[in-house]
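>>> Build the 3D model from these lines:
(chains A and B)
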Amino acid sequence: MTTYVAKRLLLMIPTLIGVALLIFFLMRVVPGDVVELRFAGESSFASKDNLDKERARLGLDKPLWRQFLDWMGGILRLDFGVSMWTGAPIIEEIRLRFALSLQLAIMSTLIAVLLAIPLGVIAALKQDTWVDYVVRIFSIAGLATPSFWLGIVFILLLLIVFHWLPPLVYTPFWVNPWQNLAQLIWPALAVGYRYSAVATRMTRSAMLEVLREDYIRTARAKGLWEKLILSRHALKNAMLPVLTVAALEFAFLMGGLVVTEQVFNLNGLGLLFVESVAHRDYTLTQALVMLVAFVFIVVNFLVDLAYAWIDPRIRFR
Amino acid sequence: MRCSPARWITRVVVTTVVLAAGLGVAALVAAQDKPRYGGELIFVVPSEPPSYDAHREETFGVIHPMAPHYNTLLRTDPLDRTGTKLVGDLAESWTVAKDGRTYTFKIRKGVKFHDGSELTSKDVKASYDKIIFPPQGVASDRQGQYGNVEAVQAPDPYTVVFRLKFPQGSFLSSVASPWNWIYKADILAKDPRWYEKNVMGTGPFLFVEHVKGSHWVGKKNPSYWDKGKPYLDSYRAIFVKDSAAQVAAVRGERAHIQFRGFSPAERDSLVQALGPKITVQESPWECVLLVAVNHEKKPFDDKRVRRALTLALDRYQGSQALSKIAIVKEVAGVVVPGTPLATPTAELEKLAGYSHDIVKSRAEAKRLLKEAGVPDGFSFTFKNRGIPMPYEPVGVWLIDQWRQIGLNAKQEVVEAAAYYGQVLRPGNFEAAMDFQCGYIVEPDLDIYKFQSKEISPANYSRYTDKVLDELYQKQTHAQDPEERKKYVRDFEKRLLDDEVHYIYTLQWHRIIPHSAKLKGWTITPSHYLNNQLDTVFLSE
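Presented below is the predicted three-dimensional model:
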């Protein structure tokens, strides 16, 4: 087990280096740079001399290999540098948005799981009955409905029916829980419903598969209580694929809720991501990609560890 | 005719009631228009300041949340809809020497920075020196606009003198630029980049906080030099990028206003939802979409072809149709309509493509194409910027109009961020959408870009026209407004009619629906103007 964990941890390093190389050069391939956008976009007065000076100040005049090494050196010292657009430290830019994105990802994942597991189990147990059909329609509707669209519907309903709109400015949960939930519950519901659809279908099919396994038949033959068979033997084993889906969705939600954040005006990492790319803010985009890659790798690693806990048949080699 | 006593009494009673009601309404209106103290103004801003230094930035995301912290030397009258009437801000009075080369400004006494220190001419000089002669490593976005300034002097604590290389009719407008905030000299002397990350001005509101990506807060400056102002206790600017979310914020009464502008559809939805709770102010906007025609590509090097392109446009029909769906409306020349130097309609109609007789114009366009050797028209690519409003509808309209004279334009949309660097600046196009937007109504700014490519890096049509350059110089040097007007007209005629170097589409149209509670704010043609908030108050 220890060797496995050590190996997995070591494997993170080449993965992160690969991501770093990819994002660094991809950003340079995209036309335009931050100086062009900020000072010469529509201006009739910006001189080439001034633009060159600004590029030199930001280190954009150095050879690419040098820029890459400087950046990697900074990462090793946990110094991600400053945003090329705002001049603020990147850690500060991310810190401001991290709490909101994390809370929204947790709330959305919780809603997704709380909806998906009971619905998936019920649909499997009542296969091909009207209950199953209702659950399937509910989940297919979730798959077909983009969460941002659902968000817009929520906002319009709140505005038209209740003449009320969620707060526009984020308040941390520990400062004012009511204000915080009044803002975040709606996007969490919109996103949670969307992701519950995937997990519901996954739970249903996994349960159906497990319920046909020999050990379930054996347990029933032994005369075990049906509820015990379902909870201890069937559900636990059916959770493996559901866990994978839920965990990867959580990782995705950390930086992928771009449109939903726009619709609800949430100051999260998704919006920051899009703006950093639009501004050609190389340093910030690179840092955000590295952060999301790191979250994905860690979540994957934790899911693999959880497999052994849920299913003792799985052994690490 | 005689009147019975009963009827007479009825008339008297009715007249009295009507008069009383009228007076009551008048009193109510007067009471509502009388500034009321207190309250917090909440507005949404679709952009955010990259840094806090207005001298180096060019987005309104800096002006809207931050202008209330600062003053400029002059400003446009906050009650003037044309945005052209200049009044003193920190300058109490000013004089212009007979030779037109020396401008002397008297600075108000008793103006305090937010740290309590007094503002003097030294601060004005240091701020303008930073704008015009920035030290090494300091970016000044509009430095090129002040190339005519020889020196800025502060002969005594309350006098600032600008010495120019030659007379410039637009100079007063230049010092009313909403970007030219006056900073503190001592701070600039220690660190000329201090203002990129800090706020400290003399304006009507003190800085409270900025949470990046979220909001900006200012509170009333109790020691403001303009006694009795500001009326608001505070203001809160909320950064909202998505336009649907901006509309929802106003509709849900979470915000009073968005100062940049909404689309016609957004205006209509707000009016429908909020009825009397919303007030709408509209104005021609100091922004326009233009077609840059690349003179280095055939057949666009032929002015007959360029003339055909503009003659094909039915601007009046376009105005009617597009103003319902996009933020464009007025048919205009190089100066924003409704302002003193704008070309009157009768005169405008004489320019190619501005006639009401579109059948005649298009027949002339076809004749010109035939004369230029392309009687059956030709195909070309029209490059457009990847911004939906209003680039997309205007682009579609242009293509349809050109089709009417046998030209087959294929639209290619290029990502907004890469557009200038990949398309316009390197001349990688045949015809392409270009954009002109001023932060103050001033021909010097409006027409600067149209000078020869050797002078103006933003001349994307890539031509050289010495006559045009000469006309620019003549209008900028002219001291007499009538003389200047004449040169601006000549410039316009040569640019849009004689040579058709560029093609004007339709003037943008600024639409501001705002809470009826918000008073004391007047729309202007530029969304960079009138954002100090010192005259704004909330009626409830």
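
>>> A:Leu125 contacts A:Arg204, doesn't it?
No. Between A:Leu125 and A:Arg204 there is no contact, the gap being 9.5 Å when judged by CB atoms under 8 Å. (Glycine included, C-beta is placed from N, CA and C.)

>>> so how many other residues sit close to whichever residue of chain B sits closest to chain A?
Per CB to the nearest CB, the residue of chain B with the smallest distance to chain A is B:Gly252, at 3.0 Å. Residues near B:Gly252, counting by other CB atoms under 10 Å in any protein chain shown, number 19.

>>> Identify the residue nearest it in space, chain neighbours excluded?
Sequence neighbours aside, A:Leu165 is the residue nearest to B:Gly252 in space, at 3.0 Å (criterion: CB to CB, 6 or more residues apart in numbering or on different chains).

>>> now B:Gly201
Closest to B:Gly201 by CB to CB, 6+ apart is B:Tyr70, at 3.7 Å.

>>> circling back to that earlier point, which of A:Leu125 and A:Arg204 has more neighbours?
Neighbours per residue (other CB under 10 Å) separate A:Leu125 from A:Arg204, with A:Arg204 holding more: 25 against 17.

>>> close enough to count as contact, the more buried one and A:Ala124?
Yes. With contact defined as CB under 8 Å, A:Arg204 reaches A:Ala124; the gap is 4.8 Å.

>>> how many other residues sit next to residue 79?
Looking at chain A here, since you left the chain open. Neighbours of A:Asp79 under the rule other CB under 10 Å: 13.

>>> I was after chain B.
13.

>>> shouldn't it be in contact with B:Thr522?
Yes. Judged on CB under 8 Å, B:Leu79 makes contact with B:Thr522 at a distance of 5.3 Å.

>>> Could you list the residues of the stretch 201-317 of chain A in contact with chain B?
Residues of the stretch 201-317 of chain A lying close to chain B by CB under 8 Å from any CB of the partner chain are A:Gln262, A:Val263, A:Phe264, A:Asn265, A:Asn267, A:Leu271, A:Leu272, A:Glu275, A:Ala278, A:His279, A:Arg280.

>>> Now the second one: closest residue in space that isn't a chain neighbour?
Once flanking residues are discounted, A:Val263 sits nearest to A:Gly151: 4.4 Å by CB to CB, 6+ apart.

>>> Wait, the one you found touches A:Phe264, no?
Yes. With contact defined as CB under 8 Å, A:Gly151 reaches A:Phe264; the gap is 6.0 Å.

>>> Which neighbours do the two have in common?
Overlap of the contact sets of A:Gly151 and A:Phe264 (by CB atoms under 8 Å, 6 or more residues apart in numbering or on different chains) consists of A:Trp186, A:Pro187.

>>> the helices in the stretch 101-250 of chain A, which residues?
Using DSSP state H, counting those that start in this stretch, the helices of the stretch 101-250 of chain A run over A:130-144, A:147-162, A:177-211, A:214-221, A:226-228, A:236-256.

>>> and these as JSON lines, adding mean pLDDT?
Shown next, in JSON lines, are these (pLDDT from 0 to 100):
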{"stretch": "helix A:130-144", "mean pLDDT": "93"}
{"stretch": "helix A:147-162", "mean pLDDT": "91"}
{"stretch": "helix A:177-211", "mean pLDDT": "93"}
{"stretch": "helix A:214-221", "mean pLDDT": "90"}
{"stretch": "helix A:226-228", "mean pLDDT": "86"}
{"stretch": "helix A:236-256", "mean pLDDT": "85"}
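
>>> As TSV, those with distance to B:Leu188 would be great.
Formatted as TSV, the helices of the stretch 101-250 of chain A follow (distance: least, CB to CB, whole Å):
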stretch	distance to B:Leu188
helix A:130-144	58
helix A:147-162	45
helix A:177-211	40
helix A:214-221	78
helix A:226-228	76
helix A:236-256	39
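
>>> Break chain B down into its domains, please.
As given by automatic domain parsing, the domain ranges for chain B are B:41-256+B:517-538, B:284-510.

>>> sorry, back to before: which ones are touching the residue nearest to B:Gly252?
Going by CB under 8 Å, 6+ apart, the list of residues near A:Leu165 reads A:Ile155, A:Leu158, A:Leu159, B:Ala248, B:Ala249, B:Arg251, B:Gly252, B:Glu253, B:Arg254.

>>> Close to chain A: what parts of the stretch 351-500 of chain B are there?
The stretch 351-500 of chain B has residues B:415-418, B:420-422, B:425, B:435, B:437, B:445, B:448-449, B:456-458 near chain A, with proximity defined as CB under 8 Å from any CB.

>>> Quick one: which of those residues has the lowest pLDDT value?
pLDDT across those is lowest for B:Ala417, at 79.

>>> Much appreciated, bye for now.
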